[in-house]
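K.L.:
Have a look at this prediction, sequence included:
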Amino acid sequence: MRWICWYLISTVFSLALAGCTGEFERPALEDMAMIGVMGFDYIDDKQMNVVVAIPVPARGKESTQVYSTKASMTSEAMLKLATKSERTMTLSQLRVILFSEELVRKVGIGKVVLDLYRNPIVGENVFIAIVKGKAEDIIRGEYRNKPEVNTYLNDLLRPRVETAFSSFSTIHDFVFMMTSKTGDPNLPYLIKQNGNIQIAKVALLRKDKLIGFYSQREGKLVQCLLGQKRLPRVKFELTEQTNEGERLEEIIFDFVWSKSKVRSNGNQKKPVIDINLELRGVVVGYDGKKNLDKRPQMEKLVKQMEALIKRETAVMLKKFQQEGVDPAGIEESLRQKYYGKWTREKGLALYQQAGFNIKVKLDILGYGTIK
């Protein structure tokens, strides 16, 4: 009989307490401020300026609410920002993270990225980019004939063939690259120009700090070495000897397929890395005197393009060796044949003294109506 009394008392208390929780229920979707873009700018070595953009649906045209605060950690910034909005802020719809060039050079982005990476609310499809100037200027900018900034940046940073010269890294991809012992991260570098945001070049990082850049053309070669199957179009300029002297030929080549094989000889004293590149594509533009219907002239054009790709790849890899950085993941071929405990320092030492044996095989599948 006693246990029945206790059961009735506990039930009454539970019902009474349940009536007091109405104020703490989850807010409705209309009451949520879903952050789409976060930006981080340098203030000093301890603090940064954190900016967030929140889309506001409307019948006519979507608008954007922008808030900013100063903080030393992302979680601290969220606490401060939460008091500025009339709605409950959440990171569940975060899609883009922007870092200013100054912040990435002076402080690094590892702390911020790992903080967000460990947050279970933050999804997997969150893209990271570095901007020239301040991230706040990009987020608060006005862009004519463009969607609101959250949608604009998210669409811009989604991988496409035309911009495949850069690794469009999500937050998970970047953590993997940052902690890798056989390569260095690279991220898109954005600039605001003529009322638009442009992916100008590729930012090169050592762990989480910016150390330099490489061009879109070099980025295409890097992506080929990393195993990217479809590459963006490339313009080739060749010098042709004629009776009147030298003449410049221009070719626009559309890569439809690529394959790379990177193998080292396993020699730790004199490492040599064999790189085989196989490329297939279509000539979509040609300004020259060759008759591409004639096989000898077509073969001559292929040999010239192979030699140019080989030369540019060798020059690029030599530059990376001198800078002590490896965005193309060449060190992985050294690690595969290394006996003993592998460290990044050991990998860089072998990589910097390695020689390269580069072979390029190019197939032109067609050239349309070009004469």
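P.N.:
Looks like it came in fine. Small disclaimer: the values here were computed from a predicted structure and weren't measured.

K.L.:
which residue is nearest the middle of the protein?
P.N.:
residue 168 (2.9 Å; Cα atoms, centre = their mean).

K.L.:
Next up, the contacts around it.
P.N.:
Residue 168 makes contact with 127, 157-159, 188 under the criterion Cβ atoms under 8 Å, 6 or more residues apart in numbering. In short, each C-beta sits where N, CA and C put it, glycine included.

K.L.:
and of the residues you listed, the nearest to residue 217?
P.N.:
Taking Cβ to Cβ as the measure, residue 217 lies nearest residue 188 of those, at 15.4 Å.

K.L.:
what does the model give that closest one for pLDDT?
P.N.:
pLDDT for residue 188: 95.

K.L.:
can I assume it sits in a helix?
P.N.:
No: if the criterion is DSSP: H, G, I helix; E, B strand; the rest coil, then residue 188 is strand and not within a helix.

K.L.:
can you give me the strands for the chain?
P.N.:
Along the chain, counting by DSSP state E, strands occupy 32-34, 37-42, 48-56, 63-71, 88-90, 96-100, 127-131, 186-193, 196-206, 209-214, 234-242, 245-264, 272-287, 355-366.

K.L.:
Out of these, which gets the lowest mean score?
P.N.:
Comparing mean pLDDT across the strands of the chain, the weakest is strand 234-242, with a mean of 85.

K.L.:
just checking, what packs against the longest helix seen in the chain?
P.N.:
Using DSSP state H, we find that the single longest helix of the chain is helix 295-323. Applying 3 or more Cβ pairs under 8 Å, 6 or more residues apart in numbering; DSSP states H and E, we find helix 295-323 packed against strand 209-214, helix 216-225, strand 234-242, strand 245-264, strand 272-287, strand 355-366.

K.L.:
Any of the contacts of residue 168 buried? List them.
P.N.:
127, 157, 188 (16 or more other Cβ atoms under 10 Å).

K.L.:
Can you tell me which of these is closest to residue 324?
P.N.:
Using Cβ to Cβ, the buried ones among the contacts of residue 168 come closest to residue 324 at residue 188, 22.6 Å.

K.L.:
Quick check: that closest one touching residue 158?
P.N.:
No: at 10.9 Å, residue 188 does not count as touching residue 158 under the criterion of Cβ atoms under 8 Å.

K.L.:
Could you export the buried ones among the contacts of residue 168 to TSV, including columns for distance to residue 288?
P.N.:
Output for the buried ones among the contacts of residue 168, formatted as TSV (distance: Cβ to Cβ, whole Å):
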residue	distance to residue 288
127	40
157	37
188	34
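
K.L.:
Grab the nearest non-local neighbour of residue 224.
P.N.:
In space, and not counting its chain neighbours, residue 224 is closest to residue 258: 5.1 Å by Cβ to Cβ, 6 or more residues apart in numbering.

K.L.:
what do you get for residue 270?
P.N.:
Leaving out its chain neighbours, the residue that sits closest to residue 270 by Cβ to Cβ, 6+ apart is residue 355, at 7.5 Å.

K.L.:
is it true that that neighbour touches residue 272?
P.N.:
Yes: when contacts are counted by Cβ under 8 Å, residue 355 is listed as touching residue 272 (4.7 Å).

K.L.:
Look at the two and report which has more neighbours.
P.N.:
The neighbour comparison of residue 355 against residue 272 (other Cβ atoms under 10 Å) goes to residue 272, with 13 against 10.

K.L.:
quick one: contacts for that one?
P.N.:
Residue 272 neighbours (Cβ under 8 Å, 6+ apart): 264-265, 354-357.

K.L.:
how much space between it and residue 358?
P.N.:
Residue 272 is 11 Å from residue 358, where distance means Cβ to Cβ, to the nearest Å.

K.L.:
can you check residue 302 too?
P.N.:
With distances taken as Cβ to Cβ, residue 302 is found 16 Å from residue 358.

K.L.:
same deal with residue 306?
P.N.:
Distance check for residue 306 against residue 358: by Cβ to Cβ, it reads 10 Å.

K.L.:
in stretch 173-189, what's buried?
P.N.:
Residues 173-175, 177-178, 180, 182-189 are the ones in stretch 173-189 that count as buried (16+ other Cβ under 10 Å).

K.L.:
got it, and stretch 88-95?
P.N.:
Neighbour counts over stretch 88-95 (16+ other Cβ under 10 Å) mark 89-91, 93-95 as buried.

K.L.:
For that stretch, measure first residue to last.
P.N.:
Taking Cα to Cα, to the nearest Å, stretch 88-95 runs 18 Å from one end to the other.

K.L.:
Please state the offset of it from the chain centre?
P.N.:
Taking the mean of its C-alpha atoms, stretch 88-95 sits 21 Å from the chain's own mean (Cα atoms, centre = their mean, to the nearest Å).

K.L.:
contact partners of it?
P.N.:
Under the criterion Cβ under 8 Å, 6+ apart, residues 27, 31-38, 52, 54, 78, 81-82, 116, 119, 121-123, 125-127, 150, 153-154 lie in contact with stretch 88-95.

K.L.:
quick revisit: can you say which of the helices and strands packed on helix 295-323 is packed in most?
P.N.:
Highest mean neighbour count among these (mean count of other Cβ atoms under 10 Å): helix 216-225, with a mean of 22.

K.L.:
Would you mind listing the residues in contact with residue 183?
P.N.:
Residues near residue 183 by Cβ under 8 Å, 6+ apart: 177, 326-332.
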